[in-house]
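Chemist: Okay, here's the prediction I keep looking at, along with the sequence it came from:
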Amino acid sequence: MAGLSLYFEDGHDDLDDFGFDDYGSECEGIRITAFLDAGQDNLTPLGRLEKYAFSENVFNRQIVARGLLDVLREFSANENDFISVMETVARMSEDGEPTVRAELMEQVPNIAMFLHENRPNFPEAFSRYLVPIVVRYLTDPNNQVRKTSQAALLILLEQGLMSKPDMEGKVCPVLLELTEPSSEDDLKIEAVAIMCKLVTMLTKDTVEHLLLLRFCDLCSDTRLFQIRKVCAANFGEFCSIVGQEATEKLLMPKFFDLCSDSLWGIRKACADCFMVVSNCTSAEVRRTKLSPLFINLISDQSRWVRQAAFHSLGRFISTFANPSITGLHFCEDGTLREIPKTFSESHGMEVTNSNSSNSRNASIIGSPNTLIQPRSESLEFISDTHISPSHPPEGHSQENSTSRSQYERSAPLSHQQLDDNMMFNSFNFWRPPLPDITQDLQLLQGQERDVTLEEKEQITRETEADRKDIVPSLDAQGPATSSQIQKVLDCLQPHLDDPDVQAQVKVLSAALKAAQLESQTEDADDSMSESNGSTGSPTSEELSAMSELSLTDAQISDSPSTSPVLVDDSEHSSEESDLIEHVEEDKDSDAVKACEEEKSKVQNVIPQQLLDQYLSMTDPARAQTVDTEIAKHCAFSLPGVALTLGRQNWHCLKDTYETLASDVQWKVRRTLAFSIHELAVILGDQLTAADLVPIFNGFLKDLDEVRIGVLKHLYDFLKLLHAEKRREYLYQLQEFMVTDNSRNWRFRYELAEQLILIIELYSHNDVYDYLRQIALNLCSDKVSEVRWISYKLVVEILQKLYSCEAHDLGLNFINELIMRFCHSPKWVGRQAFAFICQAVVEEDCMPMDQFAQHLLPSLLSLSSDPVPNVRVLVAKALRQSVLEKPYFKDPDSAYSDELEKTLSVLRNDEDRDVRFFATLDPNRNIMDTTALI
């Protein structure tokens, strides 16, 4: 304790001698360089700096390090003194106390900025004295010093103070040395982090020549997962810097390894940067390699990885956007504009050809790959083959097509049986619960009611004769067998921990049972046909029994209430027949609608699996298994997805958008409300009027948190509508004046700003009839900010009326302004009138002779107002605006004498602010007086 007491006594003596006696945390205005002042030691300032910089008292050395910037300012005038100070700084950097070194490093960015601004030889001095300190401290044994040097290095690069030779010759070699396999773990992890942060501030050549290969090696570090995690988190930055060629050649293999890493945190980091990586690859790599990789991430066993993947799904889809398909492009200011038709038409044939080829590829099935086909593609095939059998799928030979067409004409019953086998196969359609599909059988029954029994026997014989020719072609493209399903189940067994895989296993198990039952049924049919062939042609009684048996099977597989009874017409009354036909028609329409609905979600711009996963984000089950706010992320990225697909594929997103617009979470609806104007640009006027206007109307009646999104871009949305549709919203603008919370003044402020823009969209009559009253109400708002912006709105309305030659309406509006504001009992209203008059003159809203006749007399009458704040704005309006107009400057003007007389009175006003503005030169910088309003 004695030593400690002596230390404080010595420290106190030093502080008294060196000018630090009053230094403390409560004394903020102390001059740190006070130790340079002359004292009892008779030393020069540089001598005192040398003494205190290397004092045995640590506190003294800290104070010197903290005040180095002020010291440099003191000695910057003399070159020799400046060099002496910089050499002292270099020696201080070798101080053994970590706190001194940390204090010194904190001042390095400030010193560098001072040298850059005041020293002509800045690069040389900075590179000679300060850069070595920063580089040496990157390997300092003290953690605080290293962190301080890393922060200083980033600041120097952000400010552009470090030259390229210093980075390549001094900083990068140290980072490469610290990231060697033999380096210490802590230093290696920190060096990787700082290297990944520096890459965004370096040039492409520097990164490729010095850091790229080392980064690839670090991505494969198997000993420290922290290094792989840092690399995964910053993978997108490296891809953005090095470009497409290096990304696909060197970085993509590493990215694949990171995406399949055993740690979920690394896979999650890859999912977060997936969009940036996708932007740096070609369209082919994006579709063929990155898309399957992303599907793996989105079905990852870790919930956090799936959550990150779903968050990035919409952004990843947006990287597929092609202006030649969407017809839109982003301008330099960030706005979305349509590409001129001359440009888009030149790409029209290419787009059409690609779309048709993609459609053909999506319709090719009939192999074991059917197991992984998206459901929409399978439904598209069923729709094509079932509704239009005259157009066989590609991949079939011409002979098969010919025999099939002949077979359809000669044996419609056999064709129906074959279609039924495909439609009722439970494996191809294991994802969605399909409705009852028996319409072809029912239609066939209706056609055959007038056919005699002999004709049925003939048809049956033809069917049996042609069966052998048709079955082989079915086997070539038919449903998957039980052995194929069993193989898929065996592959899924190792992944049963995933809930999604469990659901797939359940469905596939059911499909396996169905396939086994179908095979048994086919065996029974074969044995029956063989027995019939051995005994000869069946009799009419046997055919009737077989018909009843088939009817029983259909009743078992279908619901009893919808299965028709296959009997003669003589057994039914006319009412029962009509009822059966009505039921059949309803079932036909429902089945067709279901097929069309699924087929409408098929497109060829992006991989269909990506779109299916995106559309599933509105599924309530996703909120439970992935993220409770997954619908919000879906809504946030929907405009980007819509832009990628193009307006021709809007039908794929329409149902999803309507689902999000009616979501129970107001945050989801708010997100859509803020972006509906951008979506309107993407879809065009026709789709906007049909699909977005009803949702827009719903947002207008929603919570204020949702309405503000619509209000902020009200002008942008209304200008995209036709004039007739746009005029309907005139009646609803008044509703924005009513809010859930009257204190929400920013809502009314935003309304005034939008009305200023909206004025140009309507005629002067509509502006006068509907917008005028809203503007006047806003001018009387309790909040000054709302009133101030509303006065500008009034001026815009007046300018609109006079620009359209509606002088009568303009005069009526002026009289209303005079009565409401100039003669207002409240001084705020009278002050507002002076402000409006000044704005009218400055904006040339009306002819000056009209202003002098209708507004100037009322303005001059306020020069004698008892409230000084009113007279201040009157003086400002007259001196700075009115008298600057040539109409009033002319000495022959009828109003010049009256204006000069009024100004002379204001120059002698008792209030000094009034006198100031009455005598102020208009060419001087005018102080802002809006705060007075």
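Modeler: Received the coordinates, thanks. Note that the coordinates shown come from a computational prediction; the quantities given were computed from them, not determined experimentally.

Chemist: Go ahead and name everything in contact with the helix or strand where Asp166 lies.
Modeler: Using DSSP states H and E, Asp166 maps to helix 164-166. The contact list for helix 164-166 (C-beta atoms under 8 Å, 6 or more residues apart in numbering) reads 127, 131, 203, 206. From N, CA and C alone the C-beta is placed, and that goes for glycine too.

Chemist: so the first one touches Leu161, yeah?
Modeler: No - proximity of Ser127 to Leu161 does not meet the contact threshold set by C-beta atoms under 8 Å, at 10.3 Å.

Chemist: who's more crowded, the two?
Modeler: Leu161 (20 against 16; other C-beta atoms under 10 Å).

Chemist: How about the contacts made by that one?
Modeler: Residues counted as contacts of Leu161 (C-beta under 8 Å, 6+ apart) are 109, 112-113, 116, 126.

Chemist: I'd like to know which of those residues are buried.
Modeler: 109, 112-113, 126 (16 or more other C-beta atoms under 10 Å).

Chemist: In the stretch 101-250 of the chain, where is pLDDT below threshold?
Modeler: The model of the stretch 101-250 of the chain has pLDDT under 70 over residues 119-123.

Chemist: Go again with 80.
Modeler: 118-125 (pLDDT under 80).

Chemist: Quick one: the helices in it, in order.
Modeler: Using DSSP state H, counting those that start in this stretch, the helices of the stretch 101-250 of the chain run over 122-125, 131-137, 143-158, 164-166, 172-178, 185-198, 204-206, 212-219, 225-233, 235-242, 244-246.

Chemist: could you dump these to TSV with distance to Leu757 and mean neighbour count?
Modeler: Listed next are those as TSV, based on distance: least, C-beta to C-beta, whole Å; neighbours: other C-beta atoms under 10 Å:
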stretch	distance to Leu757	mean neighbour count
helix 122-125	48	15
helix 131-137	51	20
helix 143-158	37	18
helix 164-166	47	14
helix 172-178	51	17
helix 185-198	42	20
helix 204-206	42	14
helix 212-219	49	18
helix 225-233	42	21
helix 235-242	36	22
helix 244-246	41	14
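
Chemist: Format the ones you listed as CSV; extra columns: distance to Glu816.
Modeler: CSV is the format used below for the helices of the stretch 101-250 of the chain (distance: least, C-beta to C-beta, whole Å):
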stretch, distance to Glu816
helix 122-125, 64
helix 131-137, 69
helix 143-158, 56
helix 164-166, 67
helix 172-178, 72
helix 185-198, 62
helix 204-206, 64
helix 212-219, 70
helix 225-233, 62
helix 235-242, 59
helix 244-246, 64
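
Chemist: so which of those comes closest to Thr628?
Modeler: Nearest to Thr628 among those is helix 225-233; the distance by C-beta to C-beta comes to 24.4 Å.

Chemist: Next, the angle from the closest one to helix 185-198.
Modeler: Orientation check (axes from the mean of the first three to the mean of the last three C-alpha atoms, to 10 degrees): helix 225-233 against helix 185-198 gives 10 degrees.

Chemist: Using CSV, list the CA coordinates for helix 225-233.
Modeler: Extracted in CSV, the C-alpha atoms of helix 225-233 (Å, rounded to 0.1, in the frame of the first residue of the first chain):
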residue,chain,number,x,y,z
PHE,A,225,-15.4,-24.0,-38.0
GLN,A,226,-15.3,-20.3,-37.1
ILE,A,227,-13.1,-19.7,-40.1
ARG,A,228,-15.5,-21.5,-42.4
LYS,A,229,-18.4,-19.6,-40.9
VAL,A,230,-16.7,-16.2,-41.5
CYS,A,231,-15.9,-17.2,-45.1
ALA,A,232,-19.5,-18.3,-45.7
ALA,A,233,-20.9,-15.1,-44.3
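
Chemist: so what does it touch, helix or strand wise?
Modeler: Packing partners of helix 225-233 (3 or more C-beta pairs under 8 Å, 6 or more residues apart in numbering; DSSP states H and E): helix 185-198, helix 212-219, helix 252-259, helix 264-272.

Chemist: what helix or strand does the closest residue to Gly709 other than its chain neighbours sit in?
Modeler: Among residues not flanking Gly709 along the chain, Ala673 sits closest, at 3.1 Å (C-beta to C-beta, 6 or more residues apart in numbering). Using DSSP H and E, Ala673 sits in helix 666-687.

Chemist: Return the set of buried residues in that helix.
Modeler: So for helix 666-687, counting by 16+ other C-beta under 10 Å, buried means 668-683, 687.

Chemist: Toward the C-terminus from it, list the very next helix or strand.
Modeler: Assigned by DSSP H and E, the successor of helix 666-687 is helix 693-700.

Chemist: what about that next one, average pLDDT?
Modeler: Mean pLDDT, helix 693-700: 94.

Chemist: tilt between that helix and helix 666-687?
Modeler: Using the same axes, to 10 degrees: helix 693-700 against helix 666-687 is 150 degrees.

Chemist: Tell me the first helix or strand C-terminal of helix 693-700.
Modeler: That would be, after helix 693-700 and using DSSP H and E, helix 704-712.

Chemist: got the angle between that following helix and helix 666-687?
Modeler: 30 degrees.

Chemist: Report all helices and strands that the helix or strand just after helix 704-712 contacts.
Modeler: Note on helix 704-712: by DSSP H and E, the next helix or strand toward the C-terminus is helix 714-718. Judged by 3+ C-beta pairs under 8 Å, 6+ apart, helix 714-718 is in contact with helix 666-687, helix 745-758.

Chemist: For Leu714, which of those is the nearest?
Modeler: Nearest to Leu714, of the helices and strands packed on helix 714-718 and by C-beta to C-beta, is helix 745-758 at 4.6 Å.

Chemist: Give me the residues contacting that closest one.
Modeler: Contacts for helix 745-758 (C-beta under 8 Å, 6+ apart): 704, 707-708, 711-712, 714-715, 718, 733, 736-737, 739, 771, 774-775, 778, 781-783, 785-786, 789-790, 792-793, 796.

Chemist: Going by neighbour count, which residues in it are buried?
Modeler: 745, 747-756, 758.

Chemist: Next, give me the two most distant ones among those.
Modeler: Trp745 and Ile758 (19.9 Å).

Chemist: Would you enumerate the residues in contact with Ser824?
Modeler: Ser824 touches 830, 833, counting by C-beta under 8 Å, 6+ apart.

Chemist: swap the cut-off to 6 Å and go again
Modeler: Applying C-beta atoms under 6 Å, 6 or more residues apart in numbering to Ser824 gives the contacts Arg830.

Chemist: Give me the pLDDT for it.
Modeler: 92.

Chemist: To which secondary structure element type does it belong?
Modeler: coil (DSSP: H, G, I helix; E, B strand; the rest coil).

Chemist: Distance-wise, check it relative to Glu900.
Modeler: Computed as C-beta to C-beta, to the nearest Å, the Ser824 to Glu900 distance reads 27 Å.
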